[in-house]
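Participant: attaching a predicted model along with its sequence, questions to come.
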Number of protein chains: 2
Amino acid sequence: MSLRHGLLGLLAEGPASGYDLARRFQEVLGQIWPAQHPKIYAELGRLADEGLIEVDSEGPRRRKAYRITGAGLAEIRRWLTDEDVDHTMRLQSLLRSLFFWLMEPDDLRRHLDDEARFFAESAARYRAYAEAKDRGEFGDSPQTRSMRITIEAAVRIYQALADWAEWAKTVPPATGK
Amino acid sequence: MSLRHGLLGLLAEGPASGYDLARRFQEVLGQIWPAQHPKIYAELGRLADEGLIEVDSEGPRRRKAYRITGAGLAEIRRWLTDEDVDHTMRLQSLLRSLFFWLMEPDDLRRHLDDEARFFAESAARYRAYAEAKDRGEFGDSPQTRSMRITIEAAVRIYQALADWAEWAKTVPPATGK
DNA sequence: TGAGGACATGTACCTAAGGACATGTGAACC
DNA sequence: GGTTCACATGTCCTTAGGTACATGTCCTCA
């Protein structure tokens, strides 16, 4: 369960409402760490119960902004330094590639074209984001620095996958037995 | 739910028992697509109920091997060609990197060392696997070809992440505000 | 003044995933 | 003959994730 720590981390940057957090998850982490709003509201409730966050302010339209507490900050720091990283990835593209031999060559080529396009576009999107940051469009806070590092990872992963899909097209379907 | 199709795909290579399938998931797909045996046995039961697989043979120690049916083959092929790929990845390493600014520089350096080592080792493991395949140690069936492509993706992703972690170490923690 | 859209928060339900626990079998080795 | 280990299959329970549905508010613009 890292949604919990994802929320704490985002709240460490400053107070935010469930709606804000859902939007930030969607924007920045859309493909990398999806989270739907029902889960977010539920988790915020639990975090508040445990005293890791507290209500910062109530605004119009029932808006409720939360603020991280000292205990919350301690918890996210503990997680970051003490807890083991979960390295599982669950990449459906790779699972599918195990079964390419079941596909018609034409279908496979189409599939790889789609994959290559998708990954290249993702890489380009994150690359544009990275360049905007490097031009200083988002300032130069520590938070921005960290985000720049995250974005760099996204660029490199998607580029690697785009290259992989292109490479896969050059692999002959089979030779002998 | 792709475990279902993962199982069908593996069974398309030939009959296997739940135990066999759990081992193969563990070996080949350990970090990329984890699956515990309880899920596998349960899913096999469902697949059998739906006629996508059937019992091939019963062996010693209650061993039950399944075989894919025509309907099962049709279903895995349909999935491969008609169904959209789910591209979400949920990489905890990237989520954590968003919060690097919360870590002490020393802890962060240690963390990045660990990450770099882990990713480099994973890349090396898959690279060794790839080289064995290229030497022809596993024959040259269509299945082997596909597996070679999967492994190539793993090599490239882990290498990209290893490089990223090394690069991240060179980013200065922060300058101004 | 009325309609539409973005804002904002939730409930309910269903499936997937993971960990703990339970059980029994055949082979190998001492 | 007994112990140990790999083989082999499952149940049970909890948590996590995702979709659908529900509700109400404030602002803008025609």
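Facilitator: Cool, the structure landed.

Participant: going forward, measure contacts between C-alpha atoms and count neighbours the same way
Facilitator: Fine.

Participant: packing partners for the helix or strand containing A:Glu75?
Facilitator: Assigned by DSSP states H and E, A:Glu75 belongs to helix A:70-82. Identification of packing neighbours for helix A:70-82 by 3 or more Cα pairs under 8 Å, 6 or more residues apart in numbering or on different chains; DSSP states H and E yields helix A:3-12, helix B:105-134.

Participant: redo these as a markdown table? Include mean pLDDT and distance to DNA strand D.
Facilitator: As requested, those are exported to a markdown table (pLDDT from 0 to 100; distance: least, Cα to the nearest atom of the strand, whole Å):
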| stretch | mean pLDDT | distance to DNA strand D |
| --- | --- | --- |
| helix A:3-12 | 97 | 5 |
| helix B:105-134 | 96 | 21 |
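
Participant: would you tell me which one of the ones you listed is buried the most?
Facilitator: Among these, ranked by average contacts under mean count of other Cα atoms under 10 Å in any protein chain shown, first place goes to helix A:3-12 (a mean of 20).

Participant: got a list of contacts for that one?
Facilitator: For helix A:3-12, the external contacting residues (Cα atoms under 8 Å, 6 or more residues apart in numbering or on different chains) are A:21, A:35, A:40, A:43-44, A:47, A:53, A:66-68, A:72-73, A:76, A:79, B:95-96, B:98-99.

Participant: strand partners of the helix or strand following that helix, parallel vs antiparallel please.
Facilitator: The helix or strand immediately downstream of helix A:3-12 is strand A:16-17, counting by DSSP H and E. Its sheet considered, strand A:16-17 pairs with strand A:64-68 (antiparallel) by DSSP bridges.

Participant: check whether the partner strand comes near DNA strand C.
Facilitator: Yes - on the criterion Cα under 7 Å from any atom of the strand, strand A:64-68 is in touch with DNA strand C at A:64-65.

Participant: chain center to that strand: distance?
Facilitator: Computed by Cα atoms, centre = their mean, to the nearest Å, the chain-centroid distance of strand A:64-68 equals 22 Å.

Participant: any part of that strand near DNA strand D?
Facilitator: No - judged by Cα under 7 Å from any atom of the strand, strand A:64-68 stays clear of DNA strand D, getting no closer than 12.0 Å.

Participant: what's the angle from that strand to helix A:70-82?
Facilitator: Per axes from the mean of the first three to the mean of the last three Cα atoms, to 10 degrees, the angle that strand A:64-68 makes with helix A:70-82 is 60 degrees.

Participant: low-confidence ranges, chain A, go.
Facilitator: A:174-177 (pLDDT under 70).
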